[in-house]
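A.B. asks: my questions are about this predicted structure, shown below with the sequence.
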Amino acid sequence: MIISLVAASSVALAGCATSADGDGTPPSGGTGTGTGASTPAGDTDPETGADTDGVSASYAFTADTLAGDTFDGRSLAGKPAVLWFWAPWCPTCLGQAARVNSLAADYADTASVVGVAGLDGVPAMHDFVELAELSGFPQLADEQGAVWRHFEITAQSTFVVLDADGEVVDKGHVDVDALPGMLDRLIAG
């Protein structure tokens, strides 16, 4: 397991921003069902951008977690959130893992942190979680790339920072060390 991750990481060092398909984009495909399935969570009102429950369209997704549960994006509503889009073979992602783990623990009561794994299969995602010692926050198994497409993510390691209303306040290759300051400002309102 560790040898395969090290080998994959060595190959990825040549270009961490590329996917296993070589173009840095999440895999194509439908939303499907079963492990890694992701689907829209509800209908969206074209005038307000909110779903029919009045929640921001940013939260309109569901996905399976690596723990085998279903995650509903609407559960993020009401407090700031950080979504971390990572790939199991990405050495940059592995280097960020400890700081993201700490961020999730430090802000557990005031903000949500969610990992969104993609660009590989569930077994590799589980291996990465074990190697990186990720715990205490959900890891989505986005094998089909539906959540990645929902947020228009084209490469790992990418962060999306949402305010309590679901508005994207930052997105991209954010410095992990800058995330606490962003969250503090959003929490203070």
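C.D. replies: In hand now; what should we look at?
A.B. asks: any regions of the chain where pLDDT drops low?
C.D. replies: 1-54 (pLDDT under 70).
A.B. asks: point to the residue nearest the middle of it.
C.D. replies: For the chain, the residue sitting closest to the mean C-alpha position, by Cα atoms, centre = their mean, is V116 at 2.6 Å.
A.B. asks: where do the strands sit along the protein?
C.D. replies: For the chain, the strands defined by DSSP state E cover 38-39, 62-64, 70-72, 81-86, 112-117, 139-141, 158-162, 168-172.
A.B. asks: now for the second one, which elements pack on it?
C.D. replies: Right, strand 62-64. strand 38-39, strand 70-72, strand 139-141 (3 or more Cβ pairs under 8 Å, 6 or more residues apart in numbering; DSSP states H and E). (Glycine included, C-beta is placed from N, CA and C.)
A.B. asks: any idea how far A104 is from L183?
C.D. replies: 11 Å (Cβ to Cβ, to the nearest Å).
A.B. asks: now, of the helices and strands packed on strand 62-64, which is deepest in the fold?
C.D. replies: strand 139-141 (a mean of 26; mean count of other Cβ atoms under 10 Å).
A.B. asks: which strands or helices does that strand pack on?
C.D. replies: Using 3+ Cβ pairs under 8 Å, 6+ apart, the elements in contact with strand 139-141 are strand 62-64, strand 112-117, helix 122-132.
A.B. asks: all helices for the chain, in order.
C.D. replies: Taking DSSP state H as the test, the helices found in the chain are 2-12, 91-106, 122-132, 146-150, 179-188.
A.B. asks: could those go into CSV alongside mean neighbour count and distance to T62?
C.D. replies: Output for the helices of the chain, formatted as CSV (neighbours: other Cβ atoms under 10 Å; distance: least, Cβ to Cβ, whole Å):
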stretch, mean neighbour count, distance to T62
helix 2-12, 14, 28
helix 91-106, 18, 20
helix 122-132, 18, 17
helix 146-150, 24, 9
helix 179-188, 15, 24
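A.B. asks: so which of the ones you listed is nearest V169?
C.D. replies: helix 179-188 (6.8 Å; Cβ to Cβ).
A.B. asks: on that earlier part again, can I get the helices of the chain in CSV with distance to H173?
C.D. replies: CSV is the format used below for those (distance: least, Cβ to Cβ, whole Å):
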stretch, distance to H173
helix 2-12, 15
helix 91-106, 9
helix 122-132, 18
helix 146-150, 15
helix 179-188, 12
